[in-house]
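Participant: Kindly return the folded structure for what I paste below:
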Amino acid sequence: MKNVEANKVSGVMSRLLKNEEGNIIALFAAAVIPVVGLVGGGFDMSRIYLTQTRLQGACDAGALIGRKTMGLGTWADNKNAANTQAEKLFDHNFPSGAYGTTDRVRSFAESNGNVTGTASVTVPMTLMQVLGQKSQVVAVNCQAELRVPNTDVMFVLDTTGSMDQSIQNSGSSERKIDGLRKAVKCFYEALAKQNITDVTPSDCGEKADPTPSNVGNVQLRFGFVPYAVNVNVGRLLPLDYMADRWTYQSREASFTTGSNAIPIYQGEGSPNPGGSVTTTIADTPWEDTGQNIGQYPSVLLTKESECPPPGGAPKTELISTDGPRQLVSQTPTTPVYGTHNSITRTYQQVSSTAQRSYRYTYSALLFGRGICRLQSRDTGQQNVTTTTTTTEAINWTRNTNFAGWAYKPVTFNVSGLKDNGTNSWRSSLQLPIGTDGANTTVNWSGCIEERQTFRGPDSDPSNDWDPIPSTALDMDIDLVPTKSDIATQWGPMLPSVIWQRYLVNTDGSGNKSRSSTRTTSNISVGKDDGVSMPTVGESCPTAAKKFQTWTPSDFRTYVNSLTTDGYTYHDIGLLWGARIMSPTGIFAALNAPQNMTIERHMVFMTDGETNVVHDDYSAYGVHWYDRRQTPTGTAPTNSQLVAMTDARTAALCTAIKNRNINLWVVSYGDVGGPTNDRLRACATPGKFVQATSVASLISNFKEIAAKISALRLTQ
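Facilitator: Numbers count the residues shown, from 1 in each chain. Just a heads-up that it's a prediction; the model follows:
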């Protein structure tokens, strides 16, 4: 039976070998398995790649939303809201069972401000199962952090008098300036990730102090421009940027001249040689020098031989002496006013030379004893008499008496504020505005008067500043002053130099008094008239600061130094904030380092409307008298000045935004709707915030800090 079956198989195989058509079936069967592996591998690898890509995207999205939700707080805040949001967004992008996967695992965690995530799924194989590959595990990692890029932040802060008040109807008596100080410090903590000791975590709405986590090579700098009616920027400027002479609404002393002319000598010039005469003088006799041997009775000599030998005397020496320089004549002897403008003096000086010789000689005294005397004489003596002349200029003056004051525009030399030796600024100078026209000390706080501006042609300034006129050099953010052109320079703001002017009334008895009528005319007042003119108040904010890196201690000290006073001129604050931070202006060397990209942000905070008064001594002088920005023919009104300042402010907002500067605008306190509309228009779109309380101000400042930080995937 076995042989029969074997024979059958053998027969079949024999026929197949003989039949070539039958070989195709065998070859096809042998090739099926490799082909299935190749096709299945490509198909399954595509599924693995798709799954990994979608899984990575879901992990990244979860890490980003988790870090954003965490913000400046902690991972566990708000009942683990950050982790909940991270998982929720992951699930939305990669639901359980997506793409036929199983065993989905995802996890997120936070450390030092960085959010990390891991995720994995199992991908079942299809055709690859033919080769024994049942499934493949796909795993990914992700990480997100808030990383501050190289950043400059300029704070332009309203520090006017109203900031010393509390917010109405807020239920809190805390002053707005105190709330601002907290908000700025919390901003610093949020962005710099460093702790300031006089604000607590609860002050900043946090549960713990910040943990240092910024990347070490990141440059983070802050600058400040506190503003009110003016800005304190003078000492930031090079000496050449400030004018040497400046005109103020001031006063000038007047004097009466007496009849007696008094010569004022200006100092003798260098002596001019007038020749010399040499005279030979006869030799002098031998004279005792007083240096004797055997002077006292106990040591008297007994004989001449006890004197030193001839060679024992001092050696011959050359003696030279210069006598005093003596006046011998003067022409004229007595100067006469109107005739002599100089005086010539003749001087003589005698210089002597001689050979001085020495000898010892014995002199007998008592009882055969004596002394040895040292003697000297001069030989070959000559006297040289030298004559010189000098000339001294004379300025004649008559005795004067203080007569009174002329109140008018006066140009003063203010270069005394410049210490050219140390290339630094002085804090005061002397000007002749003191009692009876004497020099007096004038202090300088550091505020400035602006350079050439544009004077509006009429009482409506609303259409004067779009575009900014080319003659408004003050509105040119980047214009560098030229030493030879005062129109491009600034002047020091000197309140104690300013006097206002009013007409003077005279009654029937000749008595004089100051009227209530202002005038731009010059006014003269005698010293005995009993009339004085009013001065102006001084309002100069805390000194501005250029960009620098700050330690927490220095930052705290500066912010605590902010003072409050004065009215509200938004334009001057924005103007100097832009100047100090511009990378192409007067501080370009500081603001545009090579091979560094810097993000620039201005945080402009104000608590109210523009408030300009024509009596203010501002960066443009005293508006009523100087009229540098308004027509000269009529006195400016407060409403006209406010409208002009609003128009200038809007133009500056546009100029700042056009410079690739992120302009954040913060409205703080009881600010009206129209003002908020202007502030919103000033800001970069989406960067206007409104704070109606200290708490909301702190929250808004922290929000700005969070948005300045760049949310980035780092893995």
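Participant: low-confidence ranges in the stretch 251-400 of the chain?
Facilitator: Filtered on pLDDT under 70, the stretch 251-400 of the chain yields the residue ranges 294-300, 302, 366-368.
Participant: and the next element down the chain from whichever strand or helix holds residue 252?
Facilitator: Per DSSP states H and E, residue 252 falls inside strand 245-268. Sequence order places strand 272-281 as the next helix or strand after strand 245-268, per DSSP H and E.
Participant: partners of that following strand, with directions?
Facilitator: Sheet neighbours of strand 272-281, with direction, are listed as strand 370-413 (antiparallel) (DSSP bridges).
Participant: Show me the contact partners of the helix or strand following the partner strand.
Facilitator: Counting by DSSP H and E, the next helix or strand C-terminal to strand 370-413 is strand 418-419. For strand 418-419, the surrounding residues in contact (CB atoms under 8 Å, 6 or more residues apart in numbering) are 239, 242, 244, 425, 426. The way it works is simple: take the backbone N, C-alpha and C, and place the C-beta from them, glycine included.
Participant: and of those residues, the nearest to residue 564?
Facilitator: Ranked by distance to residue 564 (CB to CB), these are led by residue 425 at 24.5 Å.
Participant: Now do the SS call for the nearest residue to that closest one once chain neighbours are set aside.
Facilitator: Nearest residue to residue 425, sequence neighbours excluded (CB to CB, 6 or more residues apart in numbering): residue 235, at 4.9 Å. Following DSSP: H, G, I helix; E, B strand; the rest coil, the label given to residue 235 is helix.
Participant: Surely residue 235 is in contact with residue 426?
Facilitator: No: in this structure residue 235 lies outside contact range of residue 426 using CB atoms under 8 Å: 10.0 Å.
Participant: what about the two, which has more around it?
Facilitator: Between residue 235 and residue 426, counted using other CB atoms under 10 Å, residue 235 has the larger neighbour count: 16 against 11.
Participant: Quick one: residues contacting that one.
Facilitator: 425, 446, 543.
Participant: May I see the contacts of strand 418-419 organised as TSV, with distance to residue 419 added?
Facilitator: Below are these laid out as TSV (distance: CB to CB, whole Å):
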residue	distance to residue 419
239	8
242	12
244	14
425	7
426	5
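Participant: Any chance of JSON lines for those residues, columns pLDDT, secondary structure and distance to residue 409?
Facilitator: Listed next are the contacts of strand 418-419 as JSON lines, based on pLDDT from 0 to 100; DSSP: H, G, I helix; E, B strand; the rest coil; distance: CB to CB, whole Å:
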{"residue": "239", "pLDDT": "97", "secondary structure": "helix", "distance to residue 409": "25"}
{"residue": "242", "pLDDT": "97", "secondary structure": "strand", "distance to residue 409": "19"}
{"residue": "244", "pLDDT": "97", "secondary structure": "coil", "distance to residue 409": "17"}
{"residue": "425", "pLDDT": "98", "secondary structure": "strand", "distance to residue 409": "25"}
{"residue": "426", "pLDDT": "97", "secondary structure": "coil", "distance to residue 409": "24"}
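Participant: Just among the residues you listed, which is most surrounded?
Facilitator: That'd be residue 242 among those, by other CB under 10 Å, with 22 neighbours.
Participant: Tell me the bridge partners for it.
Facilitator: Counting by DSSP bridges, the residues bridging with residue 242 are residue 490.
Participant: That one touches residue 492, doesn't it?
Facilitator: Yes: between residue 242 and residue 492 there is a contact at 6.5 Å, judged by CB under 8 Å.
Participant: any idea of the pLDDT on the most centrally placed residue in the chain?
Facilitator: What sits nearest the mean C-alpha location of the chain, by CA atoms, centre = their mean, is residue 546, with 2.8 Å. As predicted, residue 546 sits at a pLDDT of 98.
Participant: Is residue 585 in a helix, a strand, or coil?
Facilitator: coil.
Participant: Who are the contact partners of it?
Facilitator: Going by CB under 8 Å, 6+ apart, residue 585 touches 477, 478, 479, 480, 579, 591.
Participant: Am I right that the third one sits in a strand?
Facilitator: No: according to three-state DSSP, the state of residue 479 is coil, so it is not within a strand.
Participant: Look up how far residue 649 lies from it.
Facilitator: 19 Å (CB to CB, to the nearest Å).
Participant: And for the fifth one?
Facilitator: Using CB to CB, residue 579 is found at 15 Å from residue 649.
Participant: got the CA positions of stretch 542-557 in CSV?
Facilitator: Extracted C-alpha coordinates of stretch 542-557, given in CSV (Å, rounded to 0.1, in the frame of the first residue of the first chain):
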residue,chain,number,x,y,z
THR,A,542,11.8,112.1,39.6
ALA,A,543,14.8,111.8,37.2
ALA,A,544,14.3,109.6,34.2
LYS,A,545,16.4,106.5,33.7
LYS,A,546,18.0,105.1,30.5
PHE,A,547,17.8,101.3,29.8
GLN,A,548,19.7,99.2,32.2
THR,A,549,19.6,95.8,33.9
TRP,A,550,18.3,96.2,37.5
THR,A,551,19.0,94.4,40.7
PRO,A,552,15.8,93.9,42.8
SER,A,553,17.2,96.3,45.4
ASP,A,554,18.0,99.1,42.9
PHE,A,555,14.6,98.6,41.2
ARG,A,556,12.8,98.9,44.5
THR,A,557,14.7,102.0,45.6
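Participant: What are the buried residues along it?
Facilitator: Buried residues in stretch 542-557, counted by 16 or more other CB atoms under 10 Å: 542, 543, 544, 545, 546, 547, 550, 552, 555, 556.
Participant: Secondary structure class of the residue nearest to the centre of the chain, three-state.
Facilitator: Quick answer, by three-state DSSP: residue 546 is strand.
Participant: I'd guessed it sits against residue 233; true?
Facilitator: No: if you go by CB under 8 Å, residue 546 and residue 233 don't touch, sitting 9.4 Å apart.
Participant: anything in contact with each of these two?
Facilitator: With CB under 8 Å, 6+ apart, residue 546 and residue 233 have common neighbours residue 580.
Participant: hang on, the earlier thing: and the buried residues of stretch 542-557, which is closest to residue 303?
Facilitator: Checking the buried residues of stretch 542-557 one by one against residue 303 (CB to CB), the nearest turns out to be residue 543, at 92.9 Å.
Participant: so that closest one makes contact with residue 232?
Facilitator: Yes: Residue 543 is within contact range of residue 232, at 4.4 Å (criterion: CB under 8 Å).
Participant: Report the set of residues contacting both of these two.
Facilitator: Common neighbours of residue 543 and residue 232 (CB under 8 Å, 6+ apart) are residue 446.
Participant: Break down the stretch 451-600 of the chain into its helices, ranges please.
Facilitator: 552-560, 570-581, 588-591 (DSSP state H, counting those that start in this stretch).
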